[in-house]
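A.B. asks: What follows is a protein structure lacking sequence information:
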């Protein structure tokens, strides 16, 4: 069971830091920290397919076949397969060292939130995109992810009412908690 570390409300939107497995989240949509080919080998993407089923792989391949590879900063969409979520937004974050990493991560977060809003989702679970095998420094990545999410809520009318920052490891979950605690409004 996923453990809530902190909860904060801004503009009637709940921000929650969660220690747990994103594949167990019951949000309308979860975000997958994806690669450009939407391949589901390891990390979050591998866990999503193991629990969510091969239909997610099939849908991902169909998406790439129709639209081409997904550049860093952009997103793709599939169903949630057998997961508790309705949708999966596959957000392609940058690999550390490829150039313009901070802006690409900001775009991945913003595009995920815009897609969830367009779908009319009221809840979304977001991992620490790019901070695993892509090598983005965790503290900086978590700061960017939380900042962009907060800015999006403060500057738009959205269907999103709950944002869950989900991390499988306690270090990253505590970084999410620390960022949420630091907000003044």
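C.D. replies: Okay, I see it. Not measured: the values here are computed from a predicted model.
A.B. asks: Going along the chain, name the strands of this protein.
C.D. replies: Using DSSP state E, the strands of the chain run over residues 3-10, 13-19, 29-34, 75-79, 87-92, 123-126, 162-167.
A.B. asks: just checking, what packs against the shortest one?
C.D. replies: Yep, that's strand 123-126 we're talking about. Counting contacts by 3 or more Cβ pairs under 8 Å, 6 or more residues apart in numbering; DSSP states H and E, strand 123-126 is packed against strand 29-34, helix 101-118, strand 162-167. Yep, even glycine has a C-beta here, placed from its N, CA and C like the rest.
A.B. asks: strand partners of it, parallel vs antiparallel please.
C.D. replies: Paired neighbours of strand 123-126 in the sheet (DSSP bridges): strand 29-34 (parallel), strand 162-167 (parallel).
A.B. asks: Then the fifth one?
C.D. replies: The strands that strand 87-92 pairs with in its sheet are strand 29-34 (parallel), strand 75-79 (antiparallel) (by DSSP bridges).
A.B. asks: circling back: reformat the helices and strands packed on strand 123-126 as CSV; add distance to residue 124.
C.D. replies: Listed next are those as CSV, based on distance: least, Cβ to Cβ, whole Å:
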stretch, distance to residue 124
strand 29-34, 5
helix 101-118, 5
strand 162-167, 6
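A.B. asks: Those: which one's closest to residue 2?
C.D. replies: Closest of those to residue 2 is strand 162-167, at 7.0 Å (criterion: Cβ to Cβ).
A.B. asks: what does the average pLDDT come to for that closest one?
C.D. replies: The average pLDDT for strand 162-167 rounds to 97.
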